[in-house]
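S.K.: take this sequence and fold it.
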Amino acid sequence: MAYSINFLSAAVSGGFPVSIQATSSPGTIIHSGVSGANPQTQIDEVFLYANNTGNQFYPLVLEVGGTGAINRVPMMIATQDSPQLVLQGWPLNSGAMVRGYSPSGAGLMVIGGYVQRGP
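M.R.: Model prediction:
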């Protein structure tokens with residue numbers, strides 16, 4: 001099975017990171033999964049890295065595939081550290097989205113990453 005490496009759909013040209021501006025749900029869109037003629041066989045595997053630009057630990061909440069409580073993945077991100085892996089190969093299709101928000105303030109989190117799209 002062949003995969004291609006793609007930028008996150010919300011990344012500005014060249015694959016630059018996405019600044020998380022939302023402070024509550026629904027979060028800032030980070031990536032919209034592949035949608036096409038056959039969404040059951042086309043899958044995006046999403047890899048995300050978070051960077052906290054603030055001066056203390058801050059919360060980050062990812063919303064994967066929806067905005068309900070069951071879709072939330074909460075975590076704490078260390079301050080001004082190296083980018084931290086926060087989502088590893090999560091499969092998405094049918095246009096499902098990954099969103100993110102930080103209740104502590106807009107612009108504190110920056111999300112980078114990539115998508116492996118296949119087949």
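S.K.: doesn't residue 87 belong to a strand?
M.R.: Yes - using DSSP: H, G, I helix; E, B strand; the rest coil, the assignment for residue 87 is a strand.
S.K.: would you confirm that it contacts residue 62?
M.R.: Yes - using C-beta atoms under 8 Å, residue 87 is in contact with residue 62, at 6.3 Å. Yep, even glycine has a C-beta here, placed from its N, CA and C like the rest.
S.K.: intersection of neighbour lists for these two?
M.R.: Jointly contacting residue 87 and residue 62 under the rule C-beta atoms under 8 Å, 6 or more residues apart in numbering are 48, 73, 98.
S.K.: which of these lies closest to residue 67?
M.R.: residue 98 (11.1 Å; C-beta to C-beta).
S.K.: got the contact list for residue 64?
M.R.: 71, 73, 87, 90, 92, 96, 98.
S.K.: report pLDDT for it.
M.R.: Looking at residue 64, its pLDDT is 97.
S.K.: that one and residue 90, how far apart?
M.R.: Separation of residue 64 from residue 90 (C-beta to C-beta, to the nearest Å) stands at 6 Å.
S.K.: overlap of the contact sets of those two?
M.R.: By C-beta under 8 Å, 6+ apart, the residues touching both residue 64 and residue 90 are residue 98.
S.K.: by mean pLDDT, which helix or strand of the protein comes out lowest?
M.R.: Least confident helix or strand of the chain, by mean pLDDT, DSSP states H and E, is strand 4-6 with a mean of 91.
S.K.: contact partners of that strand?
M.R.: For strand 4-6, using C-beta under 8 Å, 6+ apart, the contacting residues are 44, 114, 115, 116, 117, 118.
S.K.: list the buried residues for stretch 91-108?
M.R.: 92, 93, 96, 97, 98, 99, 100, 101, 102, 108 (16 or more other C-beta atoms under 10 Å).
S.K.: I am finished for the moment; much appreciated.
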